[in-house]
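> Structure for the following, please:
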Amino acid sequence: MIVDMPDTNTVDVGKRMVQLRETNGVITQGRVLTLVVCTLDSSEAEDAIDAANDASREHPCRVIVLARGDRDADTRLDAQIRVGGDAGAAEVIVLRLQGALVNHESSVVTPFLLPDTPVVAWWPRGAPEYPSMDSVGKLAKRRITDATYAPDPQAAIKKRRFSYATGDTDLAWSRITYWRALLAAALDEPPFEQVTSVTVSGLASEPALDTLAGWLASRLHCPVIRKTGELKVEIQRATDSIAIERPQLGRTATLTRTGEPDQRIALARRETRDCLAEELRRLDADEIYAEALAGIEKVTYE
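The predicted structure is shown next:
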C-alpha cells in the first residue's frame, strides 16, 4: 500500500501512520532499527528504497527516505507512506523536502524515529565530508557512505581516513568481503612464509580496491602497490606466489598459486543491497575498516 500526502507536515504524517496501523494491522513491533536514507534528489530515491527493502528482509526496520529538492523553492514537504508489499519487511516513509526544509533534515526526521532502537544513516551518493558531524549523522549510531558513486571515488575513499569516527563505514569496504575471505584462506596454507610484496590492480575508479590495498598493507606489513590494469591481486612470498584474477564484469575468478592447478571460484561483484544488509548486521565500531583506511597511506600508487 502506498499513501501519498502532498504539501503536508510531520504532525499529519504521524497521524496517518497511526491510522494505517490501526485500520490495516500495520505494526512497528519487531523493528530492530531506523534506517535514514539521505538522497540527493527524488530521482535516486527509488533505487535506494529498493536496496533498503531487500536489506529489511534480514533486518526489519523503519526506513525514512529524505529526498532533497530545490533549496530556493517555496518551503514544502511532500510525504509518501509505504507499507505491506510495497515496503518489504519494513515500513517506508519518503519525505521530499523543498526550500528551507532542505537545511533542516534532522528536524524533519526526528519525529519518525522509532523509540529505543538504534538509528543508522545511509548516504547512497553525496555523502558529507564529515558524516559524524552532519545533522542526521549526529542522530545515528552507524553511518554508511559509498565512495563508489562520488565524483572522484579514489579521492573520496582516501579522505575517509581523515573524517573517520567510531560508527563510520563505507560500502566500498563491504564490496571486498569475499575477496578478503579468499585471500585470508589462501595465506592460511603452507608455506607459512612472510609476504614480501603485494600488487592490487584494477580500475582507478574502484575505491573498493583501495580499501583492499589498505587492508593488506595494515595486516601484512609489506610493500603494497596499487595500479591501474586488469582486476587482480598478486601476493609474493619467498618460495611461492598467489594470484586472484577476475574479468572486470565477470562472475568467476581464477585462483593461481605456485605448484598447484588453477582454481575457478564464484566471485561476482556484490550488489548494493547485499553490502547494505551486511553493514546493518553490526552496530559497533568496525575497527578493521578503520585500520584499512589508515593502511591506504602506506600503499604505493603507480
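
> And residue 167, its phi and psi?
With angles defined as degrees, to the nearest 10, residue 167 sits at phi 110, psi -10.

> Report the contact partners of the most centrally placed residue in the chain.
In the chain, the centroid-proximal residue (CA atoms, centre = their mean) is residue 171; its distance is 3.0 Å. Contact analysis of residue 171 by CB atoms under 8 Å, 6 or more residues apart in numbering lists 144, 145, 146, 148, 272, 275, 276, 279. Yep, even glycine has a C-beta here, placed from its N, CA and C like the rest.

> Kindly report the same for residue 283.
For residue 283, counting by CB under 8 Å, 6+ apart, the contacting residues are 33, 118, 120, 141, 142, 167.

> Name the SS class of it, please.
coil (DSSP: H, G, I helix; E, B strand; the rest coil).

> which phi and psi does it have?
phi -120, psi 0.

> Buried residues, the strand or helix carrying residue 233. List them.
Element membership for residue 233 (DSSP states H and E) is strand 232-237. By neighbour count on 16 or more other CB atoms under 10 Å, the buried set for strand 232-237 is 232, 233, 234, 235, 236, 237.

> wait, doesn't the fourth one sit right on residue 193?
No: counting by CB atoms under 8 Å, residue 193 is not a contact partner of residue 235; they are 10.6 Å apart.

> now what about the helix or strand harbouring residue 295, what contacts it?
For residue 295, the element it lies in under DSSP H and E is helix 287-295. Contacts with helix 287-295, where a contact means CB under 8 Å, 6+ apart, come from 157, 160-161, 164, 168-170, 173, 211-219, 224.

> tell me which residues in it are buried?
Going by neighbour count (16+ other CB under 10 Å), the buried part of helix 287-295 is 289, 290, 292, 293, 295.

> Give me the mean pLDDT for it.
For helix 287-295, the mean per-residue pLDDT is 97.

> and that helix, how far from the chain's centre?
Offset of helix 287-295 from its chain centre (CA atoms, centre = their mean, to the nearest Å): 15 Å.

> How about stretch 170-183?
Using CA atoms, centre = their mean, the distance from the centre of stretch 170-183 to the centre of the chain it belongs to is 12 Å.

> mind exporting it as PDB, just the C-alpha atoms?
Extracted in PDB, the C-alpha atoms of stretch 170-183 (Å, rounded to 0.1, in the frame of the first residue of the first chain):
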ATOM      1  CA  ASP A 170      31.600   2.600   3.500                       C
ATOM      2  CA  LEU A 171      30.000   0.200   1.100                       C
ATOM      3  CA  ALA A 172      33.300   0.100  -0.800                       C
ATOM      4  CA  TRP A 173      34.600  -1.900   2.200                       C
ATOM      5  CA  SER A 174      31.700  -4.400   2.100                       C
ATOM      6  CA  ARG A 175      32.200  -5.000  -1.700                       C
ATOM      7  CA  ILE A 176      35.500  -6.800  -1.000                       C
ATOM      8  CA  THR A 177      34.300  -9.100   1.900                       C
ATOM      9  CA  TYR A 178      34.600 -12.200  -0.300                       C
ATOM     10  CA  TRP A 179      38.000 -11.100  -1.700                       C
ATOM     11  CA  ARG A 180      39.300 -10.700   1.800                       C
ATOM     12  CA  ALA A 181      38.000 -14.100   2.800                       C
ATOM     13  CA  LEU A 182      39.600 -15.800  -0.200                       C
ATOM     14  CA  LEU A 183      43.000 -14.000   0.400                       C
END
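
> May I see the buried residues of that stretch?
170, 171, 172, 173, 174, 175, 176, 178, 179, 180, 182, 183.

> go on, stretch 256-269?
256, 257, 267.

> got the contact list for that stretch?
For stretch 256-269, contacts defined as CB under 8 Å, 6+ apart pick out 175, 178-179, 182, 186, 239-246, 249-255.

> what's the answer for stretch 178-190, then?
With CB under 8 Å, 6+ apart as the test, stretch 178-190 has contacts from 195, 212, 215-216, 233, 235, 242, 244, 253, 255, 257, 265, 267, 270.

> Okay, helices next: where are they in the stretch 1-150 of the chain?
Counting by DSSP state H, counting those that start in this stretch, the stretch 1-150 of the chain has these helices, from start to end: 10-24, 45-56, 105-109.

> In contact with the residue nearest to residue 70 when sequence neighbours are not counted, which residues are there?
Among residues not flanking residue 70 along the chain, residue 98 sits closest, at 6.0 Å (CB to CB, 6 or more residues apart in numbering). For residue 98, the contacting residues are 69, 70, 73, 74, 75, 76, 77, 78, by CB under 8 Å, 6+ apart.
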